[in-house]
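>>> Generate coordinates for the sequence data below:
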Amino acid sequence: MLSSSELIKGTIPRISAKSDNNGILGYYDTVDNARARHFENFITVNFFGSDGGIFYHPYKASVEMKVHTLKIPNHIFNSYTGAFIAGALKQNLKGFDYGSQLSSSKLKKLDFKIQLPINSGKIDFDFIESFMVELEAERIAKLQGYLLENELSDYDLTDTEKQVLKDFENEGIVFKEFKIGDVFDINSYKKRFDANKVAISEIGKPYVVRTSLNNGVRGYINEDEQFLNEGNTISFGQDTATMFYQEKPYFTGDKIKIIKSKDHRFNRRNALFLVSAMTKSFSSFSWGGSSFNVKIIANQLINIPVKGKKPDYETMETIISAVHKLVIKDVVLFVESKIACI
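Below is the predicted model:
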């Protein structure tokens with residue numbers, strides 16, 4: 001195993017049994033390191049198959065223990081066939097975890113099958129590639145539409161955004177603590193809709209619950225709209241401290257509070273800054289360990305930028321706008337490069 005110091009700086013990926021970040025633990029530069037097993041253009045399967053640790057690697061990399069490397073005889077993967085085969089393996093290599101590991105002996109003896117297209121009795125890699133190219137074009141078109149619809153295609157920072165980021169980095173922005181109740185009104189939902197008694201679908205109004213996923217939206221329901229909670233508010237899960245900005249009116253499940261700004265300048269962008277500040281404030285509480293009533297929420301402190309003695313909504317909005325552009329830049333460039341190749 002390589003030492004942590006060898007993994008700090010370098011260009012060669014080190015693949016571990018992680019189930020995220022393509023299994024990459026870090027990078028190093030010692031190509032001829034005797035302790036490193038090097039492979040290129042291969043698929044890895046970690047010993048905990050149900051954990052999602054199955055990835056295609058088009059680059060040269062080394063692998064640690066607890067990681068299988070797979071290739072298909074007489075076939076050289078490309079980005080399309082490699083991704084397709086890895087996806088097929090993910091669907092079938094299930095039931096393994098830390099208590100029941102997928103060892104080399106088990107992998108060789110396993111009697112499992114994956115479904116692949118064939119032509120004349122052989123895997124039809126040409127079809128796989130054409131299918132993946134078509135699928136990629138479809139996804140790229142949807143991603144481009146999303147970027148345009150949400151005004152995310154512009155990634156060039158304005159002078160104001162550059163200055164705000166510089167001020168933020170150099171601690172030139174003044175922050176002050178406020179009680180949440182000083183900045184927001186905290187209200188109960190208009191009506192609780194039991195998840196076991198509603199028909200959840202893909203159309204209707206958002207149904208917000210205490211989940212930490214998908215902006216708190218479990219799905220969509222069609223109920224009496226007089227019980228919709230206001231949009232341009234923050235939903236707050238009382239026993240999970242999960243909170244999300246909700247742009248549109250929504251229904252709620254149990255134990256959700258509606259947090260409404262007292263300032264007319266409140267909008268989606270500065271809301272994201274405020275949600276981040278609130279999430280940080282509640283981070284010391286264990287998830288599910290408390291149920292936060294109105295008084296507790298109202299007295300919780302958040303640290304936010306100020307102008308004079310009042311919350312500086314403009315600076316919060318500019319910071320979020322700048323961060324959005326920094327994050328989205330690589331995505332936009334990726335979409336543009338893909339479209340240029342189509």
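>>> was I right about residue 181 contacting residue 302?
No - with contacts counted by CB atoms under 8 Å, residue 181 stays clear of residue 302, the gap being 10.5 Å. Where you see a C-beta, it was placed from the backbone N, CA and C, and this is true even at glycine.
>>> Residue 273 and residue 233: what is the separation?
According to CB to CB, to the nearest Å, residue 273 stands 15 Å off from residue 233.
>>> quick one, which of the two is more surrounded?
residue 233 (23 against 20; other CB atoms under 10 Å).
>>> Quick one: classify the nearest residue to the more buried one once chain neighbours are set aside as helix, strand or coil.
Using CB to CB, 6 or more residues apart in numbering and skipping residues adjacent in sequence, the residue nearest residue 233 is residue 260, 4.8 Å away. Put simply, residue 260 is strand when judged by DSSP: H, G, I helix; E, B strand; the rest coil.
>>> And the pLDDT for residue 260?
pLDDT recorded at residue 260 is 97.
>>> Now for it, how many residues are close by?
15.
>>> for residue 334, same thing?
Around residue 334 there are 12 residues (other CB under 10 Å).
>>> host element of it?
helix 313-341 (DSSP states H and E).
>>> That helix: how far from the chain's middle?
How far helix 313-341 lies from its chain's middle: 16 Å, per CA atoms, centre = their mean, to the nearest Å.
>>> Quick one: mean pLDDT for that helix?
83.
>>> For it, which helices and strands make contact with it?
helix 125-149, helix 159-169, helix 268-281, strand 301-307 (3 or more CB pairs under 8 Å, 6 or more residues apart in numbering; DSSP states H and E).
>>> what's the most buried one of the ones you listed?
helix 268-281 (a mean of 19; mean count of other CB atoms under 10 Å).
>>> which parts of the helix holding residue 334 are buried?
313, 315-325, 328, 332, 335, 338 (16 or more other CB atoms under 10 Å).
>>> I'd like to know which of these is nearest to residue 38.
residue 338 (29.5 Å; CB to CB).
>>> quick one on the thing from earlier: could you check how far the residue nearest to residue 233 is from residue 180?
11 Å.
>>> just residue 134 next, same as before
For residue 134 relative to residue 180 (CB to CB), the value is 49 Å.
>>> what does residue 205 give?
Relative to residue 180, and taking CB to CB, residue 205 is found at 26 Å.
>>> same question, residue 29
From residue 29 to residue 180 the distance is 48 Å (CB to CB).
>>> quick one, which of the two is more surrounded?
Taking other CB under 10 Å, residue 29 and residue 180 do not tie; residue 180 has more neighbours (22 against 10).
>>> In space, what's closest to that one - neighbours in sequence excluded?
residue 300 (5.1 Å).
>>> Let me see the ranges of the strands in the stretch 51-200 of the chain.
Per DSSP state E, counting those that start in this stretch, the stretch 51-200 of the chain carries strands over the ranges 54-63, 67-70, 118-119, 122-123, 175-179, 184-188.
>>> ok so, going back, hmm, the residue nearest to residue 233 is touching residue 235, no?
No - if you go by CB under 8 Å, residue 260 and residue 235 don't touch, sitting 10.8 Å apart.
>>> Tell me where the stretch 201-342 of the chain is predicted with low confidence.
285-290, 338-342 (pLDDT under 70).
>>> picking up where we left off before, comparing the strands of the stretch 51-200 of the chain, which yields the minimum mean pLDDT?
Looking at the strands of the stretch 51-200 of the chain, the bottom one is strand 67-70 with a mean of 87.
>>> Name the strands paired with it and say parallel or antiparallel.
strand 37-46 (antiparallel) (DSSP bridges).
>>> From the rest of the structure, what touches the strand it pairs with?
By CB atoms under 8 Å, 6 or more residues apart in numbering, the list of residues contacting strand 37-46 from outside reads 12, 15-19, 23, 31, 53-63, 66-71, 76-77, 82, 85-86, 89, 93, 102, 107.
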